[in-house]
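>>> Sequence unavailable; structure follows:
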Ligand SMILES: O=C(O)C1=C[C@@H](OP(=O)(O)O)[C@@H](O)[C@H](O)C1
Ligand SMILES: C=C(OP(=O)(O)O)C(=O)O
C-alpha cells in the first residue's frame, strides 16, 4: 500500500537488452545497525550512504522516540547523537516499525535491558510475523512481553531494570535473533553469549567491535560462540554504508535472463555471510564476474558485471548456504525459471515467515506464469523452461513484500507476456529507486489503469 493505503499496481514488459551501470542504495542491514548503535554510543556518529528506505527511516524515528537525536543532512548523510548504553528513555508513543522485521526485533533487543515499557506495532505483514523467537531469549534477561496470540504485534515489552547476562543458543538460523540478544546484552553486566549452529550475517558483531565493544567469535563443535562484555562505553563512529548485495541481486538477475544484457553494478559488499546468491548463480553457469575485488571499511567489495546467460543450468543449492542468501531465494527462483533443468532449494523453512510466505507467493505467481514449481514445508523446486521460455501474462499478488514485487517485475522483463504486480509500493521499504534505476538500464514499466 502507498502511504495513503491505496495499492499501486505496476506492469513490467520485455523491452530488449538491459545495459549500463546500476548504482544500488546502501545496505539495509548495516543501515539499521548504524542508527541503533549510533543511538547507544556517547556522542555523534556520522553515517554516509545510509539506505533511505522506509524500513530504515522507521528505525531512525524509533531512535528519536527513545531519546537519541537523528539528523538528515541530505544525500544519504546522517548523524546520530547517541545517549550511551543504558541511556534510552521511555517513549511516549507506540513504536511503529512499519514493514520491518529487522527494525522491530533489533529495537526490542536494545530496549529489553532498560527498565521501562515500550509498545511496538507494524503493518499487516509485520503484525503477522513471529516475535516469540526474540521475546523468549529477552525474557532470560528479565524482560516481559505481552503481545497477541503467538507473541505477535502489537506487543508491549517491559524491560528488565536489573538485567542479568544470558547464554543463548539460537534455535533458528537468524541474525535478527542473534542481534537482539547481543543488543540486550549491551546493558547487562557481565558476559552475554550467543551460540549459533549456522553462520548468519555478522554485521552486528563487526559493528559492535567497531564501536569499541569487547566481542569475540569462536568457532567450536557447538557452532559459532559469540561473547560480548556488557556495559561498554560505545565510541561514536564514522560509518560509510556499503551498497546492498540483496538489492544488487535484482539488476544482476534481470541482466542474466534478459537477452543481450550487460550491466555493471559497482561497489557491492561481498561479505561471505551475504554473498551466497552470487556463488549459486556462478555454479549455474551465469556470466557474472567480480571486477576489481578490494577491501573497503573492513568488508570485501567488488564491482559485479552480469551479462545475459543463455547457458544456465538448474542446481541443488546446498542448504548450509541458505542463511547467506536467505532474502535472495525469490529472485533466484525467477532465474531458475529461465535455466535448463531443475533448481532444488532445500533447508529454507525461514522463507515461510518473512514479509510473506515467500515459497507460496513465488510458487503461485510462477505457476500462473507457466512454470512448474513443487514445494514442501522447508523446500521447493523450480522446473526451468530455458532462456526466453516463460510465458508470463499474469497479475500477481505482492503480499506487502518488496522482494516478491521486485522479483515478479524482473520476471516481466524477460517473459513473453508482461507481468503485473498488484501493489509495488512495498518496494520503497528497501529499494526506493528500483523503478527509475531499472528504467535507466532499459526496463519498461507502466501503470495499468485502475
Ligand atoms: O539481521 C538482518 O539485518 C536481517 C536478517 C535476516 O532475517 P532473519 O534473521 O530473520 O533470518 C534477513 O532476512 C533480513 O532481511 C535482514
Ligand atoms: C526479510 C527481510 O526484511 P525484514 O525481516 O527486516 O522485514 C527482507 O528484507 O527481505
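Looks like it arrived, so ask away. Remember, it's a predicted structure, so these values are computed and weren't measured experimentally. Numbering: from 1, shown residues only. Ligands and ions are numbered 1, 2, ... in the order given.

>>> by contact count, what packs against the host helix or strand of residue 194?
Take DSSP states H and E as the rule and residue 194 turns out to sit in strand 191-196. When contacts are defined as 3 or more CB pairs under 8 Å, 6 or more residues apart in numbering; DSSP states H and E, strand 191-196 sits against strand 167-169, helix 175-186, strand 223-229. C-betas here are computed from N, CA, C, even on glycine.

>>> so can I have a markdown table of those showing distance to residue 369 and mean pLDDT?
Supplementary listing: the helices and strands packed on strand 191-196 in a markdown table, determined by distance: least, CB to CB, whole Å; pLDDT from 0 to 100:
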| stretch | distance to residue 369 | mean pLDDT |
| --- | --- | --- |
| strand 167-169 | 41 | 98 |
| helix 175-186 | 31 | 98 |
| strand 223-229 | 39 | 98 |
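
>>> Looking at stretch 102-115 now, give me its mean pLDDT.
Mean per-residue pLDDT for stretch 102-115: 98.

>>> same thing with stretch 231-243?
Throughout stretch 231-243, pLDDT has a mean value of 96.

>>> burial count for the closest residue to residue 446 other than its chain neighbours?
Here the nearest residue to residue 446 in space, its sequence neighbours aside, is residue 11; by CB to CB, 6 or more residues apart in numbering that works out to 5.0 Å. One way to gauge burial is a neighbour count; for residue 11, by other CB atoms under 10 Å, it gives 17.

>>> So which elements touch the one helix or strand residue 11 maps to?
Secondary structure assigned from DSSP H and E places residue 11 in strand 10-13. Using 3+ CB pairs under 8 Å, 6+ apart as the contact definition, the elements that strand 10-13 packs against are helix 402-414, strand 417-421, strand 444-446.

>>> In the stretch 351-450 of the chain, what residue lies closest to ligand 1?
For the stretch 351-450 of the chain, the residue positioned closest to ligand 1 under CB to the nearest ligand atom is residue 354, at a distance of 6.2 Å.

>>> Out of the helices and strands packed on strand 10-13, the one nearest residue 30 is which?
helix 402-414 (17.3 Å; CB to CB).

>>> How about the strand holding residue 194 and ligand 1, touching?
No - judged by CB under 6 Å from any ligand atom, strand 191-196 stays clear of ligand 1, getting no closer than 10.4 Å.

>>> what's the closest non-adjacent residue to the residue of the chain most remote from its centre?
For the chain, the residue at maximal distance from the C-alpha centroid (CA atoms, centre = their mean) is residue 162, at 32.7 Å. Nearest residue to residue 162 in three dimensions, chain neighbours excluded: residue 142, at 6.6 Å (CB to CB, 6+ apart).

>>> list the contacts for that neighbour?
Shown here is residue 142, whose contacts under the criterion CB atoms under 8 Å, 6 or more residues apart in numbering are 113, 160, 161, 162, 163, 164.

>>> Derive a PyMOL selection command for the buried subset of those.
Restricted to buried positions by 16 or more other CB atoms under 10 Å, the PyMOL selection for these reads:
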select buried, resi 113+160+163
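
>>> returning to what we had before: list of residues touching the strand holding residue 11?
Residues outside strand 10-13 that contact it (CB under 8 Å, 6+ apart): 405, 408-413, 417-421, 424, 435, 443-448.

>>> List only buried entries from these.
Among the contacts of strand 10-13, those that count as buried by neighbour count (16+ other CB under 10 Å) are 405, 408-413, 418-421, 424, 435, 443, 445.

>>> Surely residue 370 is in contact with residue 384?
No - look at residue 370 against residue 384 with CB atoms under 8 Å: they stay out of range, at 11.9 Å.

>>> Tell me which of the two has more neighbours.
A direct count of neighbours by other CB under 10 Å for residue 370 and residue 384 places residue 384 higher, at 22 against 17.

>>> Can you report phi and psi for residue 141?
Reported as degrees, to the nearest 10, the phi and psi values for residue 141 are phi -80, psi -20.

>>> ok, it - contacts?
With CB under 8 Å, 6+ apart as the criterion, the residues that contact residue 141 are 112, 113, 160, 163, 164, 165, 166, 184, 185, 188.

>>> Show me which of those is closest to ligand 1.
Within the set of these, residue 184 lies nearest ligand 1; the separation is 14.8 Å, counting by CB to the nearest ligand atom.
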